[in-house]
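J.: got a sequence here, can you build the structure:
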Amino acid sequence: MSRLIRTSLSWGGSLTGMLLFVALWEWGSLNYGSFLLPGPRDALLSIQGFWQQGELLTAVWATTWRAMTGFALASLAGLILGLLAGLSHTLGRALEPVSTVLLGIPPIAWIVLAILWFGSGSMAAIYTVAATTLPVTFAGAQIGARTLDKRLQEMGDVYRASIWMRLWDFYLPHIVSYVFPALITALGVAWKVTVMAELFATENGVGAGLAMARVNLDTAGAMGWILVVVALLLIAEHGFLRPLQKKMEPWRQSVSQAKA
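T.: Purely as a prediction, here's the structure:
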């Protein structure tokens, strides 16, 4: 019963926050006018218009494919390099300055370089996403591997635990606790950078829709596309990363149930 109450309170708090945000949004629209700040109803009507015109699904698919492809490439490379850098002090010292430099380059600079290197199209957006999110995943994996408890390694030596048991039961839970927050951050960056890249480098996608809204001075349409991006991010995070995190960290669920 206590777990049900805690879940209800959690959902209630989230719903309250969303309703408060919508109320403030509507208040701002009424005070500043629908041209400067279209209300929630105007944005939803714009999304309905995109659907009726056949633009919505095409744009959502293009943006999702670019964002997730760049995110997957950056995550794979960042996790491998980060784990190696965390386990090897020499390699870590060599790669840390590179990661810092990549993290300091603004996304708009990567977009310009990507357009010069690859031309306009999906490749420019994918490359930009990969370049901007790779340092984030690298840092998470490196810190996770670097902070491994040496006592766990000593315990594994004492009990002659197999390599698989050490990886799965000793090292993975610790590393995952650092990796998933980095992946969630990188996912949010991926969506934002994808839309920004599409704004300059592609003829389709949510970013291209925002560009057309800017040209047509369609503020309601711009707000509608922004809502679409937010919805895609929430679906990717809570529909994919969060469930995966729960499966990879079953011990967190056990702790939560014990507290409940």
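
J.: mind listing what residue 228 touches?
T.: 47, 50, 56, 59, 60, 206 (C-beta atoms under 8 Å, 6 or more residues apart in numbering). (Glycine included, C-beta is placed from N, CA and C.)

J.: the same query, at a cut-off of 7 Å, please.
T.: Shown in contact with residue 228 (C-beta atoms under 7 Å, 6 or more residues apart in numbering): 47, 60, 206.

J.: how close does it sit to residue 234?
T.: Distance, residue 228 to residue 234, using C-beta to C-beta, to the nearest Å: 11 Å.

J.: over to residue 97?
T.: In terms of C-beta to C-beta, residue 97 sits 35 Å off from residue 234.

J.: same thing with residue 47?
T.: 15 Å.

J.: which of the two has more neighbours?
T.: More crowded of residue 47 and residue 234, by other C-beta atoms under 10 Å: residue 47, with 19 against 10.

J.: elements contacting the one helix or strand the more buried one maps to?
T.: Assigned by DSSP states H and E, residue 47 belongs to helix 40-52. Here helix 40-52 touches helix 2-32, helix 219-236, going by 3 or more C-beta pairs under 7 Å, 6 or more residues apart in numbering; DSSP states H and E.

J.: any weak-confidence spans in the chain?
T.: Low-confidence segments of the chain, defined by pLDDT under 70: 1-14, 152, 156, 159, 161, 163, 166-170, 245, 248-260.

J.: so what's the most centrally placed residue in the chain up against?
T.: Nearest to the mean C-alpha position of the chain, counting by C-alpha atoms, centre = their mean, stands residue 187 at 1.4 Å. Shown in contact with residue 187 (C-beta under 7 Å, 6+ apart): 71, 236, 237, 241.

J.: distance from the chain centre to the helix or strand just after the helix holding residue 47, please.
T.: Moving toward the C-terminus from helix 40-52, the next helix or strand (DSSP H and E) is helix 56-87. Mean-position distance between helix 56-87 and its chain equals 9 Å (C-alpha atoms, centre = their mean, to the nearest Å).

J.: can you check stretch 87-104 too?
T.: 22 Å.

J.: cool, stretch 217-232 as well?
T.: For stretch 217-232, the distance to the chain centre is 18 Å (C-alpha atoms, centre = their mean).

J.: any buried residues in it, and which?
T.: Neighbour-count burial for stretch 217-232 flags 218, 219, 220, 221, 222, 223, 224, 225, 228, 229, 232 (criterion: 16 or more other C-beta atoms under 10 Å).

J.: tell me how far the third one lies from residue 123.
T.: When C-beta to C-beta is the yardstick, residue 220 and residue 123 sit 32 Å from each other.

J.: count of residues packed around the closest residue to residue 202 other than its chain neighbours?
T.: Leaving out its chain neighbours, the residue that sits closest to residue 202 by C-beta to C-beta, 6 or more residues apart in numbering is residue 208, at 5.5 Å. By other C-beta under 10 Å, the residues close to residue 208 number 22.

J.: which one of the helices and strands packed on helix 40-52 lies nearest to residue 111?
T.: With distances scored as C-beta to C-beta, the stretch of the helices and strands packed on helix 40-52 nearest to residue 111 is helix 219-236 (16.7 Å).

J.: I'd like the next helix or strand past the closest one.
T.: Next helix or strand after helix 219-236 toward the C-terminus (DSSP H and E): helix 242-248.

J.: what helices or strands is that next one leaning on?
T.: Against helix 242-248 (3+ C-beta pairs under 7 Å, 6+ apart) you get no helix or strand.

J.: shift numbering so it begins at 203
T.: New numbering, starting at 203: the last item is helix 444-450.

J.: just the CA atoms of that helix, as PDB, please.
T.: Provided in PDB are the C-alpha atoms of helix 444-450 (Å, rounded to 0.1, in the frame of the first residue of the first chain):
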ATOM      1  CA  ARG A 444      14.800   4.500 -18.300                       C
ATOM      2  CA  PRO A 445      13.400   1.000 -18.800                       C
ATOM      3  CA  LEU A 446      16.900  -0.100 -19.900                       C
ATOM      4  CA  GLN A 447      18.400   1.500 -16.800                       C
ATOM      5  CA  LYS A 448      15.900  -0.400 -14.600                       C
ATOM      6  CA  LYS A 449      16.900  -3.700 -16.200                       C
ATOM      7  CA  MET A 450      20.600  -2.900 -15.900                       C
END
